[in-house]
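Peer 1: A predicted structure for the sequence below; I have some questions about it.
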Amino acid sequence: MPRGERAEARRVEHGRPLDTGWGVPEAQHNRRGTSAMFMFLFLVVALVVVVGAVTLSVVGGGESSALPETPPERLQDPLPLDRPLHRGDVEALRFPLTMRGYRMADVDDALGRLGAELAERDARISDLEAALAGAAHAARSTSLDKPAEEDNR
C-alpha cells in the first residue's frame, strides 16, 4: 500500500471519518478550529474598536480636558425664605436623587427649616394661649367686681 493510501486508511475507518479522541470526527474538528480562530480574531478586533472609541471620546471630546465636570444636582425648589411655610410647600418639596438615595445636606436643610418653623409656631401658640387665659381670667374677675361696685353706689 503506498504511503498516501495508508494515511487515508488511518483517517477513514469502515467508511466513516476517524474519531480524533474528543468525540468529534476529524473533518468537524478542523472546522471547529477555524471557526474558533475567526471568533478569536473577531473578539480582538472588537476589543480594539471599543478601546479606540473610548480613547477618542475621552481625549478628543473636550476643549482642553478629558470630560467636563458636571455640577452636582441641587434642590430645584427650596423652601421659601420670605414667608412661613404652608402645607403645599412641604408637599411640593422634591429632593434630587444621588447614588445612595437623597443628598443628605438638602434633607438636613429642609428638616432643620421645618423644625425651626414648628418650634416658632409652638412658641406662638403657647404665647397666645397664655394671653387668652390671662384675658379670660381678667374678664371673669372684672365681671364679678362690677356688680359689687354698682351695688355700693
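Peer 2: Yes, it's here.

Peer 1: C-alpha from now on. contacts and neighbour counts both.
Peer 2: Will do.

Peer 1: and residue 78, what does it touch?
Peer 2: Applying C-alpha atoms under 8 Å, 6 or more residues apart in numbering to residue 78 gives the contacts 93, 110.

Peer 1: ranges for the strands of this structure?
Peer 2: Applying DSSP state E to the chain gives strands spanning 12-13, 16-17, 97-98, 101-102.

Peer 1: Give the pairing partners of the third one; include direction for each.
Peer 2: Strand 97-98 pairs in its sheet with strand 101-102 (antiparallel), by DSSP bridges.

Peer 1: Do me a favour and get the end-to-end distance for stretch 88-104?
Peer 2: With C-alpha to C-alpha, to the nearest Å applied, stretch 88-104 spans 22 Å between its terminal residues.

Peer 1: Using neighbour counts, pick out the buried residues of that stretch.
Peer 2: Using 16 or more other C-alpha atoms under 10 Å as the burial criterion, the residues of stretch 88-104 that qualify are 95, 103.

Peer 1: Any chance you could list what contacts stretch 79-89?
Peer 2: Taking C-alpha under 8 Å, 6+ apart as the rule, stretch 79-89 contacts 90, 93, 110, 114, 117.

Peer 1: how about 10 Å then?
Peer 2: The contact list for stretch 79-89, computed with C-alpha atoms under 10 Å, 6 or more residues apart in numbering, reads 77-78, 90, 92-93, 109-110, 113-114, 117-118, 120-121.

Peer 1: what is the mean pLDDT for that stretch?
Peer 2: Taken as a whole, stretch 79-89 has a mean pLDDT of 82.
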